[in-house]
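1. Let's see this in three dimensions:
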Amino acid sequence: MGSEDFYPEERPVHVVEVAGFWMDRHQVTNAEFRKFVKETGYVTLAERPLDPADYPDADPDLLVPGSLVFQKTSGPVDLNDYRNWWAYLPGAHWRRPGGPGTTFHGKGNHPVVHIAWEDAETYAGWLGKQLPTEAEWEFAARGGLEGATFTWGDEHFPDGKAMANSWQGEFPWQNLQVDGFEGTSPVGSFPANSYGLHDMAGNVWEWTTDWYVPRHPDQAEHACCVPTNPRVTSPEQSYNPGQPGEHIPRRVIKGGSHLCAPNYCLRYRPAARQPQMIDTSMSHLGFRCVVRDKASNQPGDAADG
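-> Below is the predicted model:
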């Protein structure tokens, strides 16, 4: 797992083992999530009223159901301030991915988005499945290509061919659409990796069960053996002190999205990882599920992932 060549949170490279599991071939789609909602009546976090006590520093006008939506800029902006391209839109949720007046109709085979942690966990439990650990996700994404930069190898565009739905051009204003897509793409639009899994790079970010820590454990901490089925089960190190939402724990998300660009976020790679607050949904965030061998289930799986 990990990489020494890109972002600090991916370090160090270390060896782990995972037990047997099966993973969904593609990200959960709008059509699949719609079936879940129809049969259960489930309401996502983005559709529920907000409790002002949970967000003491928030603008009261924004304490209404909604979600974060990407807004393409008209030109270059300061890349150090994500507010230049992200906006909280009241009324945005999985059925209205671009906010009021938009719809997912005609995109049933696109990945469902605006999914918070609880939403993904509940869906997985409904199917008798679970969400993957970070180690499981990265193992699956690599498809047996240990040490390769991407899920398909080391070359960014082999033979000039786009292998994932990502951003080509200068983010967040110039999308050249070399891959043929401006936003999300239908699942399976790009070649599967060697394990038969689609979109393990790009399209939408995916939730894992692990709480976020700033870097992987050093191999020296496990000198006696190779860690088996590792996972971070405590949220203690996942908080982000001094930042908005500092009291909300964060999970690891993996895979990057259609918004990832080399000039800003080269994270559509197996080793890449990012923290995501568990109460937050976004227009480029979805998930997929796994089923584990009974021997690989760990204490707390049923309740925590």
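2. and the closest residue to Met163 other than its chain neighbours, what is it in contact with?
-> Sequence neighbours aside, Trp152 is the residue nearest to Met163 in space, at 4.8 Å (criterion: CB to CB, 6 or more residues apart in numbering). The C-beta positions use only the backbone N, C-alpha and C, and glycine is treated the same way. Contact partners of Trp152, counting by CB atoms under 8 Å, 6 or more residues apart in numbering, are Leu145, Pro158, Met163, Pro191, Asn193, Ala201.
3. So among the residues you listed, which ones count as buried?
-> Buried members of those, counted by 16 or more other CB atoms under 10 Å: Leu145, Met163, Asn193, Ala201.
4. Now Tyr123: which helix or strand?
-> helix 117-126 (DSSP states H and E).
5. those strands in the stretch 1-150 of the chain, which residues are they?
-> Here the stretch 1-150 of the chain has its strands, by DSSP state E, counting those that start in this stretch, at 21-23, 66-70, 86-90.
6. circling back: among the buried ones among the contacts of Trp152, which one lies nearest to Leu79?
-> Ala201 (21.5 Å; CB to CB).
7. Ramachandran angles for that closest one?
-> For Ala201, the backbone dihedrals are phi -130, psi 130 (criterion: degrees, to the nearest 10).
8. ok so, going back, show me how far the helix holding Tyr123 is from its chain's centre.
-> Counting by CA atoms, centre = their mean, to the nearest Å, helix 117-126 is centred 14 Å from the centre of its parent chain.
9. Show me where the stretch 151-300 of the chain has its strands.
-> 205-211, 250-254, 274-277, 285-286, 290-292.
10. Ser67 is nearest to which of those strands?
-> Once the strands of the stretch 151-300 of the chain are compared by CB to CB, strand 285-286 is nearest, at 9.1 Å.
11. How about residues contacting that closest one?
-> For strand 285-286, contacts defined as CB under 8 Å, 6+ apart pick out 27-28, 111-115, 120, 203-207, 253, 257, 276.
12. Which of these sits closest to Ala87?
-> His114 (13.3 Å).
13. How many residues are close by that closest one?
-> His114: 28 surrounding residues under other CB atoms under 10 Å.
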